[in-house]
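Peer 1: I would like the atomic coordinates for the input below:
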Amino acid sequence: MKTGILTDLYQLTMTAGYLQAGKDRDIATFELFVRRLPQNRNYLVAAGLAQAVEYLEHFGFDEEDIEYLRSLRQFARCPDAFFERLRRLRFTGDVDGVAEGTIVFASEPLLRVRAPLMEGQVVETYLLSTIGFQTLIATKASRLVEAAGGRAVVEFGTRRAHSPEAGVLAGRAAYIGGCIGTSNTLTGLRYGVPVFGTAAHSWVQSFESELEAFRQLQKLLGEATVYLVDTYDTLEGVRKAASLGRPIWGIRLDSGNLVELSRAARRILDEAGFPDAKIMVTGDLNEYRILELMKEKLPVDAFGVGTELATSGDAPSLGAVYKLVELERGGERRFTVKLSEKKQTLPGAKQVFRYRDHDLIACASEEPLPGGERPEPLLVPVMRAGKRLAALPDVHEARERAAAGLRKLPTAYRSLFTIDPPYRVEISGRLAALYDEIRRKVEGKLG
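Peer 2: I've put the predicted structure just below:
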C-alpha cells in the first residue's frame, strides 16, 4: 500500500509550489523534536522509529491518489508535470534517528531527515504522528511501571484507543515502555509482544451460575485461568474460584474498594491452600491511583491499565514538531531558523551527545572534546539513499534499552510530578554561536 496520500493537504500544496518555483531538487534537512515535555513529565521514551522507516520505504502515490488530487480545486492550476512527478515520487533521502527505548528530553532531535525538499516536506505528517504517538504511550507506560514498584503492568486499552490501529501501536509502545504485554492479539502477531487476557463479565453472565462459568473457564485455560470475580458478589466469587482447586493462575478484581477486597481475597485464597494464586487489579487505573494503592501495601501481583494508557489520559498529546534546519542548493548551504516567541528553533543539522550526568545538543559535524568522558551520540544512521541500512532493534531490545536508560536516570527525574530544574540539557558553544549568527542575518534582512 502506497502511503503518500496520508498527509496534510498543505504538505502537498507546498510540494506543488516547490516544483513551480524550481526548488524541488534543493536538499533539505528537517529535524523532529519535542519543544516542551507534557505536564508532569521529566523525560520521554522514544518510540515509533520502526514504523517511520517502514513508511518511508513504501512511500509513494498510486493512480487513485493522483486522480483524487487532480479533482481538488487547490490543484486546478497545477500542470501535468506536478502529477507526473507525484506518480514517480519515492523517498530517496537519508535518515538518522534515536533508537527506540532511548530516554530523551525536550529540544533533542529524535529524527533527522535529509532529502530533496519535496520528499522531506510531504512525509512530515506521518512521521510526527507515528513517532509522537508511540513516544507518548511508551512514556506513559514507563510511569505506570514506575508507580507499580516491581509489580507487572499489562496494557488493556485497545477498546478505548482513538482507533483500532492506534490500539495496536499503543500495545507495542506500552511494551517498549515496560509493560509485560498487551491484550491486543494483533500487536502480539505483528511484533512478538506477549499477550494476556481473561474473560469478561459477559462470560459469567452467559452461564446459569457463576460456578459453572468458572468451571468451564478452568477447563478451557488450565494453568492460565484467571477468574473475573466481581460480576455479582466479589468475595463470594473468590470463594467459588478457590473451591474449584487447581489449576489456577489467579483472580482479577475490577471494581469496588480495591484495598479491602484485595486483602480479603488474599486471605480467602491463602486459607484455601493457594498462596501462589495471584491477584490482578483493573478498573480505571492510572499511575497516581496505582501509587496510592501501592502505599497501602496491597497483596497485588499485577495491574491492568486500559483507557489511561492507550490514550495517555492525563497528557493526551505531545508537542512534537518537524522543522527545516538547513537547505542546500548548487553546493551552497543555507541555515534556517524560526524566531517566533517561544517557538524558536536552532539552525543546522544536529547531534545529541549523552554524558553521564547531562546531554549536549551540538552541530552534527562536531566531535566531542578530546580527553575525559567519551559521550554516546544518540542519533545514528538508519537510512541512506532511501534504503534501510540494517535491521532495526526489535521491541524486546527497545524495551531493554528503555529499562536500562531509566535505571541510569536519577531517581528524582522518575517522579510522577514535574521536577525543577529539569534534567540538564546544554547547547554547545558552536551551535549557540551559529544561532546568533543566523539570527543576526535574518533580523538584518527584516530591517
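Peer 1: using the three-state scheme, assign residue 337.
Peer 2: coil (DSSP: H, G, I helix; E, B strand; the rest coil).
Peer 1: list the contacts for it?
Peer 2: Contact partners of residue 337, counting by Cβ atoms under 8 Å, 6 or more residues apart in numbering, are 344-347, 435, 438-439, 442. C-betas here are computed from N, CA, C, even on glycine.
Peer 1: ok, and the most crowded of these?
Peer 2: residue 347 (25 neighbours; other Cβ atoms under 10 Å).
Peer 1: so that one belongs to a strand, correct?
Peer 2: No. Assessed with three-state DSSP, residue 347 is coil; it does not lie in a strand.
Peer 1: that one against residue 438, yeah?
Peer 2: Yes. Under the criterion of Cβ atoms under 8 Å, residue 347 makes contact with residue 438 at 4.6 Å.
Peer 1: give me the common contacts of the two.
Peer 2: Here residue 347 and residue 438 have 335-337 as joint contacts, going by Cβ under 8 Å, 6+ apart.
Peer 1: tell me the domain boundaries of this protein?
Peer 2: 9-135+324-446, 137-310 (automatic domain parsing).
Peer 1: in TSV, list these along with distance to residue 318 and mean pLDDT.
Peer 2: Compiled in TSV, the domains of the chain are given as follows (distance: least, Cβ to Cβ, whole Å; pLDDT from 0 to 100):
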stretch	distance to residue 318	mean pLDDT
domain 9-135+324-446	5	96
domain 137-310	8	97
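Peer 1: adding distance to residue 316, write the ones you listed out as JSON lines.
Peer 2: JSON lines is the format used below for those (distance: least, Cβ to Cβ, whole Å):
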{"stretch": "domain 9-135+324-446", "distance to residue 316": "9"}
{"stretch": "domain 137-310", "distance to residue 316": "9"}
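Peer 1: tell me which of those domains sits most buried.
Peer 2: Most buried of these, by mean neighbour count (mean count of other Cβ atoms under 10 Å): domain 137-310, with a mean of 20.
Peer 1: and that domain, end to end?
Peer 2: One end of domain 137-310 sits 7 Å from the other (Cα to Cα, to the nearest Å).
Peer 1: over to stretch 310-327?
Peer 2: Taking Cα to Cα, stretch 310-327 runs 38 Å from one end to the other.
Peer 1: find the residue at the geometric middle of the chain.
Peer 2: By Cα atoms, centre = their mean, the chain has its centre lying nearest to residue 134, at 1.8 Å.
Peer 1: which strand or helix spans that one?
Peer 2: helix 124-148 (DSSP states H and E).
Peer 1: mind listing what the very next helix or strand once past that helix pairs with, with the direction of each?
Peer 2: Note on helix 124-148: by DSSP H and E, the next helix or strand toward the C-terminus is strand 152-155. According to DSSP bridges, strand 152-155 forms sheet pairs with strand 181-182 (parallel), strand 302-305 (parallel).
Peer 1: quick one: the next helix or strand after strand 152-155 to helix 124-148, angle?
Peer 2: Helices and strands here follow DSSP H and E; after strand 152-155, the next one along the chain is helix 164-176. Using axes from the mean of the first three to the mean of the last three Cα atoms, to 10 degrees, the direction of helix 164-176 lies 50 degrees away from that of helix 124-148.
Peer 1: what helices or strands is helix 164-176 leaning on?
Peer 2: Under the contact criterion of 3 or more Cβ pairs under 8 Å, 6 or more residues apart in numbering; DSSP states H and E, helix 164-176 touches helix 124-148, strand 152-155, strand 181-182, helix 185-191, helix 307-310, helix 395-408.
Peer 1: and of these, who's closest to residue 382?
Peer 2: When these are compared by Cβ to Cβ, helix 124-148 sits nearest residue 382, at 12.2 Å.
Peer 1: before we move on, the earlier item: and which of the shared contacts of residue 347 and residue 438 is nearest to residue 38?
Peer 2: Of the shared contacts of residue 347 and residue 438, the one sitting nearest to residue 38 (Cβ to Cβ) turns out to be residue 337, at 25.1 Å.
Peer 1: sec struct for residue 87, please.
Peer 2: helix.
Peer 1: for it, give its distance to residue 66.
Peer 2: 6 Å (Cβ to Cβ, to the nearest Å).
Peer 1: swap in residue 403?
Peer 2: 46 Å.
Peer 1: now the strands for the stretch 1-150 of the chain?
Peer 2: 27-34, 44-45, 94-98, 103-104, 111-116 (DSSP state E, counting those that start in this stretch).
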